[in-house]
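*Asks:* Got a predicted structure here, sequence first:
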Amino acid sequence: MESTEAIEIQLWSYIDGDCDAAEKQRIAELISADPVWKQKYAELLAVHEGLQQMEAEHTSMRFSKNVMEAISHVKVAKATSSYINPWVIRGVISFSVALIVCLVGYLLSNVERTTASSGEHFDYSSIFNSNFVLCVLLLNTILIVAIIDTLLRRKKATS
């Protein structure tokens, strides 16, 4: 026994005329022989005829103009710069600049400056100590965050 959904799909195909001759013949025989198929066919045929009698609704000629007029009365949100305090932005920027200056100053104060005569090679182990590596990693992290921020802003601006 076929499910109700399968029967309805086949009957809609029959009503719409989308099936071939052999399929039409088989469905016509099922409608005349099987009471379930006959009842479903009567229901779907009534729905089909009701849909055919309905007139398609059309929007009015001024629909888009009415929508635009309704939208024009809506208050537009303020720009971001008007509700963010500029002093907060300046404070964050000045803190970041002060932090970078302090890190560079700390780095320069911990570097041992030795003079090398013309015959001796410079000792790089004094520069590449743990503090130097930490500062380089910190600066690289800051630069990476700045690059990611720039890329995300460009992506947001284009979309």
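*Replies:* Yep, it's here.

*Asks:* got the contact list for Ser60?
*Replies:* By Cβ atoms under 8 Å, 6 or more residues apart in numbering, the residues touching Ser60 are Asn66. Quick note: C-beta positions are derived from backbone N, CA and C, even for glycine.

*Asks:* Next, it: secondary structure please.
*Replies:* Assigned by DSSP: H, G, I helix; E, B strand; the rest coil, the conformation of Ser60 is coil.

*Asks:* Low-confidence regions, this protein specifically.
*Replies:* 1, 80-83, 112-124, 126-127 (pLDDT under 70).

*Asks:* what separates the helix or strand harbouring Glu5 from the chain centre, distance-wise?
*Replies:* For Glu5, the host element (DSSP states H and E) is helix 4-16. Mean C-alpha position of helix 4-16 versus that of the full chain (Cα atoms, centre = their mean, to the nearest Å) differs by 39 Å.

*Asks:* And for the helix or strand following that helix, what's in contact with it?
*Replies:* Next along the chain after helix 4-16, taking DSSP H and E as the criterion, comes helix 21-33. Identification of contacts with helix 21-33 by Cβ under 8 Å, 6+ apart yields Gln10, Leu11, Ser13, Tyr14, Cys19, Trp37, Lys38, Tyr41.

*Asks:* What sits closest to the last one if chain neighbours are left out?
*Replies:* When you say that, I think you mean Tyr41. Sequence neighbours aside, Ile31 is the residue nearest to Tyr41 in space, at 4.9 Å (criterion: Cβ to Cβ, 6 or more residues apart in numbering).
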